[in-house]
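Colleague: Everything below, folded, please.
(4 chains)
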2 protein chains.
Amino acid sequence: MVQHSEIELSECSDCPIRHRAVCARCEEDELDLLESIKYYRSYSAGQTMIWAGDRMDFVASVVVGVATLSQTMEDGRTQMVGLLLPSDFIGRPGREIAPYNVTAVSDVTVCCFRKRPFENLLVTTPHIGQRLLEMALDELDAAREWMLLLGRKTAREKIASLIAIIARRDAELKDALPEGRLSVTLPLTREAMADYLGLTLETVSRQISALKREGIIELEGKRRVIIPNLPVLMEQTGDDSDGGPIV
Amino acid sequence: MVQHSEIELSECSDCPIRHRAVCARCEEDELDLLESIKYYRSYSAGQTMIWAGDRMDFVASVVVGVATLSQTMEDGRTQMVGLLLPSDFIGRPGREIAPYNVTAVSDVTVCCFRKRPFENLLVTTPHIGQRLLEMALDELDAAREWMLLLGRKTAREKIASLIAIIARRDAELKDALPEGRLSVTLPLTREAMADYLGLTLETVSRQISALKREGIIELEGKRRVIIPNLPVLMEQTGDDSDGGPIV
DNA sequence: GACGTGCATTGATTTCGATCAACCCTTTGG
DNA sequence: CCAAAGGGTTGATCGAAATCAATGCACGTC
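Modeller: Next up is the predicted model:
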């Protein structure tokens, strides 16, 4: 289950998520405390990392890769409730049992902290709790935005929203405003997109084809999407046109 | 806009939400600090308390009444993203602009804290931040449960889930396990339920009628619902049958 | 090269919930 | 007393997305 990761991770100080994860606000000495209770785990694409109902003896941060958080009903209907990207947090202090499935979408490496010691640090090291609060509130905002999408948007708006969100996140990681064409890789299969958007995979496929037919997106293979004109795509999302800051 | 409240609220120590709100973990001295920056506001049923886009100079706790958090698209489609009951928190430390509409469903009284001083307390008084984190994580869980409902449940399952959730909450406030018949008041209009469930008000009405016709619920007026047999209702929600602790 | 498998696309048909519309009941107020 | 308004119910019809089903790749693998 535990895979060997190519890059040997060890020093928090040169960790790729040092300034965005739970540890973001920590000083050097606080980092040392975290360092002493951490260990890495890796999973390969497609693996279930955690099953809903499992006992959890750790919390963790995604270091590299993409994972999903999902809920499944007895008859198999499933709904993704979160997309976990590098720096996102897994688990909840004070909780014994995992409420959701966590699945690796790509190869994933996580930085784990043993739960008890982490909970103690939470009390003694305010910077960790403060950052965790900030992250929880951000996730809450994201969840609420997704509730609007799930409850009220059409299939076309859902697809456009998903592509736009991924594009915006990518753009902001790479460089500021690539106003022209931009190209993004969908980190999810059609089925995973369907589970995220509350659709069937057939509807996802049809709507992507429709957007392509209309020239709003172009496809390069199945996974790579080229967006000739982001504002045009944004118009299809149903969101306020003034969609956020320009830079 | 500010209404006169019948009961004169003042002492935190005999506040009805003293042990469930942000202040739940505070010691007496910490409570005094909060007391010094607090003030009450009241709103009457139907009033919009906060508009999305408004500048917010306070955060608050609901003391009495029910309010809703909602998002609206340009064309009027709206989705409720939260139901605010006594002890629930409004606003976000560090945020200037309200992202959601907050609407009083019944007459509502809130306990407000000026934002700047509250943010300072958050740094100096760890008990507040700890409780806020706990509450944020609870809301995140609720939001994710709702995502499953919005994305994957049928209209009938949505209605049954809503009634069951209200019934369970009521039951737990009043007395432990009223195993037999129980009776709950829906705090929402049909339209508000529709906005919560991602349905139209006609569908809400039809599904309630259907549950009534099948004897799963009984109606007393429009708002009061009698549940002869909670487990039978629970079966209609689509959730795991072992639905949580028996007590 | 043939075969099987996983992922994706496309078509035909059905269905659930939306939409359009009429009507009921209760409250409020001139 | 009647009119108007707000909330709710019910019926007829429509349409978007689900469902059922076939087909099309791009792979590994034997």
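
Colleague: Can you tell me the closest non-neighbouring residue to A:Ser183?
Modeller: When the adjacent residues along the chain are set aside, A:Ser183 lies closest to A:Ile226, with 4.7 Å between them (C-beta to C-beta, 6 or more residues apart in numbering or on different chains). Just so you know, the C-beta spots here come from the backbone N, C-alpha and C atoms, and that holds for glycine as well.

Colleague: That neighbour contacts A:Ile217, doesn't it?
Modeller: Yes. Checked against C-beta atoms under 8 Å, the pair A:Ile226 and A:Ile217 is within contact range at 6.7 Å.

Colleague: Of the two, which one has the most company?
Modeller: A:Ile217 (23 against 13; other C-beta atoms under 10 Å in any protein chain shown).

Colleague: quick one: the more buried one and chain B, what's the gap?
Modeller: Separation of A:Ile217 from chain B (C-beta to the nearest C-beta, to the nearest Å): 22 Å.

Colleague: show me the contacts for that residue.
Modeller: A:163, A:208, A:211, A:225-228, A:233 (C-beta atoms under 8 Å, 6 or more residues apart in numbering or on different chains).

Colleague: now the spatially closest residue to A:Glu218 that is not a sequence neighbour, what's its secondary structure?
Modeller: Spatially, and ignoring its direct neighbours in sequence, A:Glu218 is nearest to A:Ile226 (4.2 Å; C-beta to C-beta, 6+ apart). Classification of A:Ile226 using DSSP: H, G, I helix; E, B strand; the rest coil returns strand.

Colleague: does stretch A:21-28 come close to chain B?
Modeller: No. Taking C-beta under 8 Å from any C-beta of the partner chain as the criterion, stretch A:21-28 and chain B are apart, separated by no less than 11.4 Å.

Colleague: need the contact list for the residue nearest to A:Ser183.
Modeller: Counting by C-beta under 8 Å, 6+ apart, A:Ile226 has contacts A:181-183, A:217-220.

Colleague: What is the distance between stretch A:160-170 and the centre of its chain?
Modeller: Taking C-alpha atoms, centre = their mean, to the nearest Å, one finds stretch A:160-170 lying 12 Å from the centre of the chain it belongs to.

Colleague: what is the rounded mean pLDDT of stretch A:61-74?
Modeller: For stretch A:61-74, mean pLDDT is 96.

Colleague: Packing partners of the helix or strand that contains A:Val110?
Modeller: Secondary structure assignment for A:Val110, by DSSP states H and E: strand A:108-114. Here strand A:108-114 touches helix A:28-37, strand A:38-43, strand A:58-64, going by 3 or more C-beta pairs under 8 Å, 6 or more residues apart in numbering or on different chains; DSSP states H and E.

Colleague: Quick check: buried residues in the shortest one?
Modeller: Residues of strand A:38-43 classed as buried under the neighbour-count rule (16 or more other C-beta atoms under 10 Å in any protein chain shown) are A:38, A:41-43.

Colleague: Can you add distance to A:Asp57 and pLDDT and give these back as TSV?
Modeller: Listed next are the buried residues of strand A:38-43 as TSV, based on distance: C-beta to C-beta, whole Å; pLDDT from 0 to 100:
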residue	distance to A:Asp57	pLDDT
A:Lys38	14	95
A:Arg41	12	95
A:Ser42	18	94
A:Tyr43	17	94
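
Colleague: wait, which of those residues is closest to chain B?
Modeller: Of all the buried residues of strand A:38-43, chain B sits closest to A:Lys38, with 20.6 Å by C-beta to the nearest C-beta.

Colleague: Looks like that closest one contacts A:Cys111 (just checking).
Modeller: Yes. Contact criterion C-beta under 8 Å: A:Lys38 and A:Cys111 qualify, at 5.5 Å.

Colleague: mean confidence for the helix ranked longest in chain A?
Modeller: The longest helix of chain A (DSSP state H) is helix A:126-152. Mean pLDDT, helix A:126-152: 97.

Colleague: What of stretch A:235-247?
Modeller: 70.
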